[in-house]
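Novice: got a predicted structure plus its sequence, pasted below:
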Amino acid sequence: MPNKPRIVVSLGGSILIPGPKNEDASYIDQRTFSSLTLLLNELTCTGHRFVITVGGGKINSHYVETLKQMSGVTPFSNRSLDLLGISATKFNATLLWVPLDRAGLAYGRVVENPTRRIRTKKPVIVGCGWKPGCSTDMDAVLWAINVGAKVVINASNIHYVYDRDPNKFHDAQPIETMSWDKLLTITGRKWIPRMNAPFDPIAAQLAQKHGLRVFVLDGRDIPNLRAAITGEKFIGTTIG
């Protein structure tokens, strides 16, 4: 069976490490982890290949907030907070990598640098955060450019991109299809570390430059994620 082009999935840490549960900031959603692993086992059997980048989730947020509370008058630099967040992404990515490695599906280790050329017959490459100032959205776009993918699937804890923040505005409207310019009108064009945006605006501008599309969807809905991967109709937003 011929191998298919690699699909890049940006896996939000918020769906894997959602916290809190019983005030446990490190709570891991084992059901989502297991379901995702089973999905990858299934799809790699039909020739699908992946690069999966993993975010920091609530572990990242918990540690960053702890540092901020400890900082006193002089706050820690964004670089320091980013390095802490990168460590969280690597820990989470390794948690995903271990069962995939045991199943013989994963490249030999979690990869940090999304611009590095990887030569492997393994169907899954697992990546984590790379360097300060570079979001995992940007990592996913760089991976797409690296492996020649045309689509990035941004699997997070939201069903759609909305015309404004649904947490603040009850009448916010979901958008099924939008241009990159429309997204940048909503988010602005500047990236602020740890900003709450459906997609990093700097990564969005790079994706626009390279003619990429991004699917934004709820990664906890495994059948819906499967539909997006296999080219079927899915619930979510298509950007680009």
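Specialist: On my side now, so go ahead. Residues are numbered from 1 along each chain as shown.
Novice: could you tell me how far V98 is located from V126?
Specialist: Taking C-beta to C-beta, to the nearest Å as the measure, V98 falls 10 Å from V126. For the C-beta atoms, the positions are set from N, CA and C on the backbone; glycine is no exception.
Novice: sorry, slip of the keys, the one I care about is Y27.
Specialist: Separation of Y27 from V126 (C-beta to C-beta): 21 Å.
Novice: the more surrounded of the two?
Specialist: Ranked by neighbour count (other C-beta atoms under 10 Å), Y27 and V126 place V126 first, with 26 against 16.
Novice: so the nearest residue to that one once chain neighbours are set aside, which of the three states?
Specialist: Once flanking residues are discounted, V126 sits nearest to W97: 4.3 Å by C-beta to C-beta, 6 or more residues apart in numbering. For W97, the assignment made with DSSP: H, G, I helix; E, B strand; the rest coil gives helix.
Novice: who touches A228 in this structure?
Specialist: For A228, the contacting residues are I153, F215, L217, F234, G236, by C-beta atoms under 8 Å, 6 or more residues apart in numbering.
Novice: and if you look at Q173?
Specialist: Taking C-beta under 8 Å, 6+ apart as the criterion, Q173 is in contact with Y162, D163.
Novice: kindly state the pLDDT recorded for it?
Specialist: We have a pLDDT of 93 for Q173.
Novice: could you do P193 as well?
Specialist: Confidence score, pLDDT, at P193: 68.
Novice: contacting residues around I15?
Specialist: D29, T32, G57, A155, S156, N157, D218, G219, R220.
Novice: against C45, how distant is it?
Specialist: Counting by C-beta to C-beta - I15 and C45 are separated by 24 Å.
Novice: likewise G13?
Specialist: 27 Å.
Novice: mind checking which of those two has more residues around it?
Specialist: Between G13 and C45, G13 has the larger neighbour count (other C-beta under 10 Å), namely 26 against 11.
Novice: thought the more buried one was touching G57?
Specialist: Yes: contact criterion C-beta atoms under 8 Å: G13 and G57 qualify, at 2.8 Å.
Novice: show me the strands in this structure, by range?
Specialist: 6-11, 49-54, 124-127, 151-156, 161-162, 174-175, 177-178, 213-218, 237-239 (DSSP state E).
Novice: take these and write them to a markdown table, including distance to K90.
Specialist: Listed next are those as a markdown table, based on distance: least, C-beta to C-beta, whole Å:
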| stretch | distance to K90 |
| --- | --- |
| strand 6-11 | 13 |
| strand 49-54 | 8 |
| strand 124-127 | 9 |
| strand 151-156 | 19 |
| strand 161-162 | 28 |
| strand 174-175 | 33 |
| strand 177-178 | 32 |
| strand 213-218 | 23 |
| strand 237-239 | 27 |
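Novice: alright, I will stop here.
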